[in-house]
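Engineer: give the three-dimensional model of this entry:
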Amino acid sequence: MAFEFRKCFIEGLYEVQPKVFGDNRGYFFEVYSEKDFFEAGLCMKFVQDNQSSSSKGVLRGLHFQTKHPQGKLVRAVEGKVYDVAVDLRNGSPTFGKYYGVVLDAEKQNQFYIPEGFAHGFYVLSEHAVFAYKCTDFYHPEDEGGIMWNDATVGIEWDKIAPGLEPLLSEKDKKHPSFNTSEKYFDLNAKWIGK
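Structural biologist: As a prediction, the model looks like this:
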């Protein structure tokens with residue numbers, strides 16, 4: 001198998017480490033193999049690939065889609081980011097909890113986030129190119145979000161980036177707080193919210 005799949009404490013999240021083969025000419029690795037992912041029980045179908053470029057201090061998120069939730073396989077192609085997923089599956093024992101991982105282009109590690117989560121990342125390096133595969137198409141009318149510094153979720157961005165003063169889009173500045181009484185998604189990642 002060309003990958004090591006590490007389960008996270010939140011069910012459904014995986015850190016994925018591909019085997020990287022390198023020598024004095026450079027390196028080679030498989031970014032994705034349906035066969036290996038299916039053998040690991042990750043039987044998703046990806047339909048869209050996205051890529052963004054960001055400077056140090058940019059924070060994107062926390063985003064989700066409501067009626068067309070997206071599972072995502074994310075990685076840093078260049079640079080380093082702190083990537084975070086928040087469990088929005090009502091009834092999950094980790095509802096409202098988050099898991100974060102540093103994605104580093106030098107390590108080539110990846111993070112799989114299934115449907116039913118909010119997702120965001122913060123750029124730690126001077127520049128980062130961030131790429132992700134999605135299990136559904138982007139639907140602009142279907143966007144949802146949670147405030148990046150919501151006190152209930154309590155993401156400890158400062159532990160990764162002391163003195164954090166994130167660069168946010170106008171849209172990301174206006175996301176609502178996490179609401180513990182909101183339904184969001186059911187355990188099968190079907191939207192049951194407002």
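Engineer: ranges for the helices of the protein?
Structural biologist: Under the criterion DSSP state H, the chain contains helices at 34-39, 157-160.
Engineer: so residue 130 sits against residue 121, correct?
Structural biologist: Yes - under the criterion of C-beta atoms under 8 Å, residue 130 makes contact with residue 121 at 6.5 Å. Using the backbone N, CA and C atoms, a C-beta is placed for each residue, glycine as well.
Engineer: hmm, back to that, any idea which of the helices of the chain scores lowest on pLDDT?
Structural biologist: Among the helices of the chain, helix 157-160 carries the lowest mean pLDDT, a mean of 92.
Engineer: who's in contact with that helix?
Structural biologist: Helix 157-160 has contacts (C-beta atoms under 8 Å, 6 or more residues apart in numbering) with 59, 82, 100, 102, 122, 124, 148-149, 164, 166.
Engineer: quick check, pLDDT for residue 145.
Structural biologist: pLDDT, residue 145: 96.
Engineer: and it, how close does it get to residue 123?
Structural biologist: 18 Å (C-beta to C-beta, to the nearest Å).
Engineer: repeat for residue 193
Structural biologist: Residue 193 sits at a distance of 29 Å from residue 123 (criterion: C-beta to C-beta).
Engineer: so for stretch 15-29, what gets flagged as buried?
Structural biologist: 15-16, 18 (16 or more other C-beta atoms under 10 Å).
Engineer: average pLDDT for that stretch?
Structural biologist: Per-residue scores along stretch 15-29 average to 94.
Engineer: looking at residue 145 and residue 123, which one has more neighbours?
Structural biologist: Neighbours were counted for residue 145 and for residue 123 using other C-beta atoms under 10 Å; residue 123 has more, 25 against 17.
Engineer: which residues sit in contact with that one?
Structural biologist: For residue 123, the contact set (C-beta under 8 Å, 6+ apart) comprises 54-59, 79-81.
Engineer: just residue 17 next, same as before
Structural biologist: Per C-beta under 8 Å, 6+ apart, neighbours of residue 17: 3-4, 6, 107-110.
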